[in-house]
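>>> build me a model:
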Amino acid sequence: MDLVCILGGALSGTWAAKLAIAKGFAVYLTDERPLNNKAELEALGVRVFDGGFHQALIHRGFKWVIKNPGIPDAHLFVQAMANQHRIVNEVEFAQHFVPHWNLIAISGTNGKTTTVEMCGAILKAGTPFGFVGGNVGVPLSKVVYEHPDVDQADGAIEMAGFMLSNTYDFHPRVATLVSLAPDHLDVYPGVEAYYDAKWKVVKNLRADDYFIFNLDDATIKATYRPHQGQVITLSQKEAADVMLVDGKVMMDGLVLFDVRELQVLGAHNITNAMIAAAAATCLGVKPPVIQKALQAFKGVEHRIEYVDTIAGIKFYNDSKATNPESTQVALQAFEKPVILIAGGYDKKISFDILKAEVHRMKALVVFGQTKQLLKATFPMAHVVDDLQAALRLAYDLAQAQDVILFSPACASYDQFTNFEARGRTFKILVKKLHD
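Numbers count the residues shown, from 1 in each chain. So this is what the prediction gives:
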């Protein structure tokens, strides 16, 4: 019996273990942390070593070694395993069992999740079995495990750089980068290494595959990597295969959708929708289906998400803005200056890009680990310790007709477990303002 070793028992590791068991492997799983689901995994036949990585596994003869993307490649145990085995991401493992499924791999810095969800909505409406997966909380292993009898499927997969770093044979039918900007420099040795990880999304494209090329992103153009796929260009600003003409997105002479019928805010969401529509078109989905799905799409939680109106003041949750470029996009989505709440975990990236957006800030309230860095960049900023104090001060500064935008420009790990928990906390705090 072939052996599989899984590093990390979080969501992707758990579903990879279940899939591996279902496929007849002997499965070993190890994690630094004690696992709450250890008994469940052991009941399935998984040998679990938690509370510390199990060193004795390093020299076992594994057919597959699958790593959770949250575990750094620089970890000493991971490095030791990598000296003996090829370490892959669970998406690559799962695709091995469904090579005939059509996957749209969506990567980049900002806009990935919204584009994946838009594309997924189109695929669910326009194909027999459409789904979303990857870094949106749905491991591909879960989809494959739960649908063993599905012969043909079409999926929109969010591929983070940490996932792509551990791919070798992963093969999407369509690939794209939504945007590119410096990020995660607390983990990558430099911005080029970060861009290299993102561009792995095109590595295995074949002559009958497609790359959706966003011409409006200068960094994507400047760092372009050659590949074997067919290129479909896309732009709001210039002539392209997919382009904006009098408020309508056109491709091959057909109207994919009318931007005035979108429910989501901002020019960035027009680009997201253009990419999603073009990718779905590559898989044969027709314009009427695309139009209906995009007209019904109401956005993604934690991404410029409307929360409430209190005393004439509107509140928006943009907790998914974990870098300055994402906050810049959020600021540009509003017609008048907002009261911005920002700050969080320090990823060692500059906030200078936001200096050009100061005119979009009626006021700035900062908190968290980066509060002094933000204050140094924006001397007018009000400094507080935590999100609760930041919201209270922002509310005190606001008047009727104002917008309070929570768009942190930072990761959440200084005070929250993830951006979702941070966003939920913000929404709870907003609701408490009614009291």
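>>> what stretches of the chain score poorly on pLDDT?
For the chain, applying pLDDT under 70 flags no range at all.
>>> domain parsing for it?
3-88, 95-296, 305-432 (automatic domain parsing).
>>> now those domains as CSV including mean neighbour count?
For every residue, glycine as well, the C-beta is placed using N, CA and C. What follows is these, written out as CSV (neighbours: other Cβ atoms under 10 Å):
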stretch, mean neighbour count
domain 3-88, 18
domain 95-296, 20
domain 305-432, 19
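>>> quick one: distance of stretch 414-425 to the chain centre.
Remark: stretch 414-425 is offset 15 Å from the chain centroid, using Cα atoms, centre = their mean, to the nearest Å.
>>> I should have written stretch 43-50 there, sorry.
30 Å.
>>> quick one: residues in contact with that stretch.
Identification of contacts with stretch 43-50 by Cβ atoms under 8 Å, 6 or more residues apart in numbering yields 9, 17-18, 21, 26-35, 38, 41-42, 57.
>>> cool, stretch 259-274 as well?
With Cβ under 8 Å, 6+ apart, stretch 259-274 has contacts from 110-111, 114-115, 118, 178, 214, 216, 234, 236, 242, 244, 247-249, 256-257, 291, 294-299, 304, 329-330, 332-334.
>>> in strands, which of those residues appear?
Counted as lying in strands by DSSP state E, out of those, are 214, 234, 242, 244, 248-249, 256-257.
>>> which residue ranges form the helices in the stretch 201-350 of the chain?
Taking DSSP state H, counting those that start in this stretch as the criterion, the stretch 201-350 of the chain carries its helices at 218-222, 267-282, 287-296, 324-332.
>>> tell me the angle of the third one relative to helix 267-282?
It refers to helix 287-296. Put simply, helix 287-296 runs at 150 degrees to helix 267-282, going by axes from the mean of the first three to the mean of the last three Cα atoms, to 10 degrees.
>>> partner residues bridging Asn214?
When bridges are called by DSSP bridges, Asn214 pairs up with Leu234.
>>> so who does it touch?
By Cβ under 8 Å, 6+ apart, the residues touching Asn214 are 176-179, 220, 234-235, 271, 275.
>>> now, which of the residues you listed sits nearest Gly344?
Using Cβ to Cβ, Ser179 comes nearest to Gly344 of the contacts of Asn214, at 20.0 Å.
>>> what's the helix or strand encompassing Val4 packed up against?
Using DSSP states H and E, Val4 sits within strand 3-7. Strand 3-7 sits against helix 11-22, strand 26-30, strand 64-67, helix 76-82, with contacts defined as 3 or more Cβ pairs under 8 Å, 6 or more residues apart in numbering; DSSP states H and E.
>>> recalculate using a threshold of 7 Å.
Contact here means 3 or more Cβ pairs under 7 Å, 6 or more residues apart in numbering; DSSP states H and E; on that basis strand 3-7 packs against helix 11-22, strand 26-30, strand 64-67.
>>> any chance of the ones you listed in JSON lines, plus distance to Gly51?
Output for the helices and strands packed on strand 3-7, formatted as JSON lines (distance: least, Cβ to Cβ, whole Å):
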{"stretch": "helix 11-22", "distance to Gly51": "15"}
{"stretch": "strand 26-30", "distance to Gly51": "9"}
{"stretch": "strand 64-67", "distance to Gly51": "18"}
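>>> of all the ones you listed, which one is nearest His382?
Nearest to His382, of all the helices and strands packed on strand 3-7, is helix 11-22, at 37.4 Å by Cβ to Cβ.
>>> and the contacts of the closest one?
Applying Cβ atoms under 7 Å, 6 or more residues apart in numbering, the contact partners of helix 11-22 are 4, 6, 27, 29, 37, 41, 44-46, 66, 68, 90, 93-94, 137, 139, 141-142, 144-145.
>>> those residues in strands, which ones?
With strands taken from DSSP E, the overlap with those comprises 4, 6, 27, 29, 66.
>>> for Phe62, which of the helices of the stretch 201-350 of the chain is the nearest?
Among those, helix 267-282 comes nearest to Phe62, with 34.5 Å by Cβ to Cβ.
>>> for Ser235, see how far away the closest residue to His359 other than its chain neighbours is.
Once flanking residues are discounted, His359 sits nearest to Pro337: 6.9 Å by Cβ to Cβ, 6 or more residues apart in numbering. Computed as Cβ to Cβ, to the nearest Å, the Pro337 to Ser235 distance reads 29 Å.
>>> repeat that for Trp15.
Going from Trp15 to Ser235 by Cβ to Cβ gives 38 Å.
>>> do Cys119 as well
Separation of Cys119 from Ser235 (Cβ to Cβ): 18 Å.
>>> over to Val191?
24 Å.
>>> do Ala43 as well
From Ala43 across to Ser235, the span is 53 Å (Cβ to Cβ).
>>> now swap in His85 and tell me
According to Cβ to Cβ, His85 and Ser235 sit 43 Å apart.
>>> do Gln55 as well
52 Å.
>>> do Glu420 as well
Counting by Cβ to Cβ, the gap from Glu420 to Ser235 is 32 Å.
>>> likewise for Ala296?
Separation of Ala296 from Ser235 (Cβ to Cβ) stands at 25 Å.
>>> and what of Lys286?
23 Å.
>>> same check, this time on Ile106
Between Ile106 and Ser235 the distance is 18 Å, computed by Cβ to Cβ.
>>> same check, this time on Met81
Distance from Met81 to Ser235, by Cβ to Cβ: 43 Å.
>>> ok, which stretches of the stretch 51-200 of the chain are helices?
For the stretch 51-200 of the chain, the helices defined by DSSP H, counting those that start in this stretch occupy 76-82, 90-95, 112-126, 140-146, 161-164, 191-199.
>>> phi, psi for the nearest residue to Asn204 once chain neighbours are set aside please.
Of all residues not flanking Asn204 in the chain, His171 sits nearest, at 4.4 Å (Cβ to Cβ, 6+ apart). His171 adopts backbone torsions of phi -130, psi 100, taken as degrees, to the nearest 10.
>>> touching, His171 and Val202? I think so.
No. His171 lies out of contact with Val202 (Cβ atoms under 7 Å); the separation is 10.7 Å.
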